[in-house]
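Chemist: my questions concern the predicted model and sequence given below.
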Amino acid sequence: MTVPSAGAPEPVPSPAPPHVDGAPEPIPATAAPVFVDPLATVEPAPGLDADGIVVEHVHRSFGTVQAVREMTFHARPGRVTALIGPNGAGKTTLLLMLASLLAPDAGAIRIARADPVRDPRAVRRAMGWMPDVLGTWRTLTPLQILTTVGRLHGLSRAAAKERASELIVEARLEELAGRPSRVLSRGQQQRLGLVRALVHRPSVLLLDEPAAGLDPTSRVELRGMLRGFAAAGGTVLISSHDLSELDEMADDAVFVDRGEVVGGERLVLARQAAREWRIRALDPRALSYQLANIGVAFDRVRIEGDVAYVALDRDEHAADVLARLVGAGVPIIHFAPAVGDIERTYLGLAGGAR
Ligand SMILES: Nc1ncnc2c1ncn2[C@@H]1O[C@H](COP(=O)(O)OP(=O)(O)OP(=O)(O)O)[C@@H](O)[C@H]1O
């Protein structure tokens with residue numbers, strides 16, 4: 001997962017801590033000024049001629065409310081990019097502008113090199129849009145909806161029918177293909193909404209909360225579908241509040257807050273926020289005893305049943321703790337981050353890295 005990190009300082013190597021013979025080295029309780037992430041890239045300012053989605057210095061207000069006041073990022077082809085931010089951060093306003101449904105007050109947007117203001121038709125040809133609520137003709141059947149959308153995109157009657165039948169299978173809606181769409185469950189509507197966005201074989205996909213209401217099987221299918229779309233060279237931008245799901249699905253992340261893309265020092269600090277690690281052992285008592293014994297500060301440990309959660313600032317500390325526990329003979333059966341990179345960064349931002 002790569003978080004765009006414009007302006008991020010170079011990693012600073014940490015000095016080796018002093019070591020007293022015989023005594024275990026304490027696990028540092030505060031974050032060292034170190035951030036080593038081989039995946040992190042400092043991105044050049046995106047040129048408007050790049051493929052995928054380019055957003056440069058975009059602003060949009062509603063009266064006195066500045067919904068989007070400074071957004072610049074590039075969602076690249078071949079990758080799944082997550083758009084993340086708290087309620088009211090400006091995500092929906094941005095998506096509406098990308099979808100050519102709302103004009104920016106200032107700044108520039110390109111979708112597959114097309115300008116949504118000057119050439120909305122080109123944008124709609126290149127882009128598939130899945131809003132969070134299906135909002136479609138409730139009396140029409142899924143088959144009729146997909147055929148109609150195909151016709152609106154300029155397919156012949158026969159081609160639209162053929163494409164609709166193909167997508168009904170992809171959405172696993174065969175049994176409901178002839179029923180009015182109002183009888184569809186939330187998850188079924190989501191699946192229909194997704195394939196509806198794919199009718200015209202777009203190269204860019206915009207998705208708003210695509211997994212809301214999906215059962216676990218459908219989520220796995222959605223992930224596979226989006227990965228396949230990106231692997232074929234498509235660009236995917238997903239807005240969602242489900243951070244663990246984004247962690248599984250996204251390659252890149254754009255964090256927004258109060259109408260702005262979060263970058264620079266604030267983002268670097270958030271990504272350094274301590275992360276909890278989930279640890280289980282066959283012998284939970286030995287685990288808690290040895291955590292204290294190897295020098296993990298007690299206020300960094302939380303015990304829930306037979307699981308220990310340990311807050312550690314760096315992955316190197318986690319490796320060190322694991323090595324020491326194993327060295328002390330603790331029968332570890334599980335040792336993993338309790339939250340992924342996106343969730344950790346989000347929590348770091350929410351926790352005050354402003
Ligand atoms: N049509 C509108 N008129 C007035 N204010 C609006 C309008 N649309 C959005 N806003 C305001 O703009 C800000 C950004 O809203 P937006 O819906 O883009 O946020 P969001 O990040 O999508 O939030 P959520 O996660 O809750 O969906 C909010 O303060 C909202 O109240």
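Modeler: It's in. This structure is a prediction, so every number in the text was calculated from the model and none was measured.

Chemist: so for the one helix or strand in the chain whose mean pLDDT sits lowest, what gets flagged as buried?
Modeler: Across the helices and strands of the chain, the lowest-confidence element by mean pLDDT, DSSP states H and E is helix 264-271, at a mean of 74. Going by neighbour count (16 or more other C-beta atoms under 10 Å), the buried part of helix 264-271 is 266-271. Quick note: C-beta positions are derived from backbone N, CA and C, even for glycine.

Chemist: using CSV, list the CA coordinates for it.
Modeler: Taking C-alpha atoms only, helix 264-271 is exported to CSV below (Å, rounded to 0.1, in the frame of the first residue of the first chain):
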residue,chain,number,x,y,z
GLY,A,264,3.4,16.2,4.0
GLU,A,265,4.5,16.1,7.6
ARG,A,266,1.0,15.5,9.0
LEU,A,267,0.7,12.3,6.9
VAL,A,268,4.2,11.1,7.8
LEU,A,269,3.4,11.6,11.5
ALA,A,270,0.1,9.7,11.2
ARG,A,271,1.8,6.8,9.5
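
Chemist: now the buried residues of helix 264-271 as JSON lines including distance to the ligand?
Modeler: Output for these, formatted as JSON lines (distance: C-beta to the nearest ligand atom, whole Å):
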{"residue": "Arg266", "distance to the ligand": "18"}
{"residue": "Leu267", "distance to the ligand": "18"}
{"residue": "Val268", "distance to the ligand": "23"}
{"residue": "Leu269", "distance to the ligand": "22"}
{"residue": "Ala270", "distance to the ligand": "18"}
{"residue": "Arg271", "distance to the ligand": "21"}
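
Chemist: which among these gets closest to Ala108?
Modeler: Using C-beta to C-beta, Leu267 is the member of the buried residues of helix 264-271 that lies nearest Ala108, at 22.9 Å.

Chemist: that closest one touches Phe255, doesn't it?
Modeler: Yes. Counting by C-beta atoms under 8 Å, Leu267 does reach Phe255; the two are 6.5 Å apart.

Chemist: can you show me the helices along the stretch 151-300 of the chain?
Modeler: Secondary structure of the stretch 151-300 of the chain, counting by DSSP state H, counting those that start in this stretch: helices at 157-170, 186-196, 216-231, 243-249, 264-271, 284-293.

Chemist: where among those helices is average confidence lowest?
Modeler: Comparing mean pLDDT across the helices of the stretch 151-300 of the chain, the weakest is helix 264-271, with a mean of 74.

Chemist: which strands and helices sit next to that helix?
Modeler: Packing partners of helix 264-271 (3 or more C-beta pairs under 8 Å, 6 or more residues apart in numbering; DSSP states H and E): helix 341-350.

Chemist: contact residues of the stretch 51-200 of the chain facing the ligand?
Modeler: Proximity of the stretch 51-200 of the chain to the ligand, by C-beta under 6 Å from any ligand atom, involves residues 62, 65, 67, 85, 87-93.

Chemist: what about the least confident helix or strand of the chain, distance to the chain center?
Modeler: Helix 264-271 sits 17 Å away from the centroid of its parent chain (C-alpha atoms, centre = their mean, to the nearest Å).

Chemist: point out where the protein drops to low pLDDT.
Modeler: Where the chain drops to pLDDT under 70, the residues are 1-46, 134-136, 352-354.

Chemist: got the domain ranges for it?
Modeler: Domain segmentation of the chain under automatic domain parsing yields 53-134+184-267, 274-350.

Chemist: winner for burial among the ones you listed?
Modeler: The highest mean neighbour count among the domains of the chain, using mean count of other C-beta atoms under 10 Å, belongs to domain 53-134+184-267: a mean of 19.

Chemist: brilliant, that's me finished.
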